[in-house]
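> quick one: sequence and predicted model below, then my questions.
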There are 2 protein chains.
Amino acid sequence: MAMAETNPDEAVAAFVKHYYSTFDKNRPGMAELYRENSMMTFDGKKINGLQNIVNMFNSLPFPVCHHDISTVDCQPYGPAGGVLAFVTGTLNVPGQDHPVKFSEMFNLIPIQDTFYVSNAIVRSNKA
Amino acid sequence: MAMAETNPDEAVAAFVKHYYSTFDKNRPGMAELYRENSMMTFDGKKINGLQNIVNMFNSLPFPVCHHDISTVDCQPYGPAGGVLAFVTGTLNVPGQDHPVKFSEMFNLIPIQDTFYVSNAIVRSNKA
């Protein structure tokens, strides 16, 4: 996923697409998208560190799902090339009647030709 | 709004409450919550810099509104004391039948005994 030729918005949109595609189709690959000190907050639950985040993905009660991305907004910040991304979309789980709306923010740190997730906070709207 | 005696989550929750209270009751005061290089993205529209952000607040078509905050999640990041906050809630505007759900993320930078908003991204769910 080279970003040399793309603008920041396109690079972030590509990363976000890659993130949810990995979530949906190659869940063990999520371990590659975080780093040792990454933090996630999932519907209010704090999950700190790579191993705990990987354990969370591995323990989800649905082995298969599909994310549809509705919007991706992003902004650069700070001197180190970090990017904040804000995503809205729906999560579809086989056997569940209705898709679940979610919104998620990422703090993305550039590494080589892609990003890793330093911080992620997600909320699902279960109404 | 002193934060010396509070933990980071409480300090962020207090700032978020102050932010929306200012939005609702003292809109000119929003200028104090941003800085020259702050960035906002409002339903996909990028608004860069303090003056443009102030102009956006001043040009909103509803002079009065009320935000109800549903959730506030936050995480520290980086070496400089920055905090990422993620808020969900509803916006109530007099004369509109239904409240509008929104979610918003902030990149908050500590300054003296409070924060300023370096980055804000908001999406409203108009379904």
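Right, received. Where do you want to start? Numbering: from 1, shown residues only, chains lettered A, B, ... in the order given.

> what sits against residue A:19?
Going by CB atoms under 8 Å, 6 or more residues apart in numbering or on different chains, residue A:19 touches A:33, A:106, A:117. Any C-beta I mention is one placed from the backbone N, CA and C, and that applies to glycine too.

> quick one: it from residue B:26, how far?
Here residue A:19 is placed at a distance of 39 Å from residue B:26 (CB to CB, to the nearest Å).

> and residue A:123, by the same measure?
Computed as CB to CB, the residue A:123 to residue B:26 distance reads 28 Å.

> pull out the buried positions in the strand or helix carrying residue A:103.
Under the criterion of DSSP states H and E, residue A:103 resides in strand A:100-111. Going by neighbour count (16 or more other CB atoms under 10 Å in any protein chain shown), the buried part of strand A:100-111 is A:101, A:102, A:103, A:104, A:105, A:106, A:107, A:108, A:109, A:110.

> helix, strand, or coil at residue A:57?
With DSSP: H, G, I helix; E, B strand; the rest coil as the basis, residue A:57 sits in helix.

> same thing with the one 4 residues further on?
Following three-state DSSP, we place residue A:61 in the coil state.

> can you report how many residues neighbour it?
Residues lying near residue A:61 (other CB atoms under 10 Å in any protein chain shown) number 5.

> phi, psi of it?
Backbone geometry at residue A:61, expressed as degrees, to the nearest 10, gives phi -80, psi -10.

> state the pLDDT value of it.
We note a pLDDT of 91 for residue A:61 in this prediction.

> same list, the buried residues of strand A:100-111, but as TSV with distance to chain B please.
Below are the buried residues of strand A:100-111 laid out as TSV (distance: CB to the nearest CB, whole Å):
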residue	distance to chain B
A:101	7
A:102	9
A:103	4
A:104	9
A:105	4
A:106	9
A:107	6
A:108	11
A:109	9
A:110	14
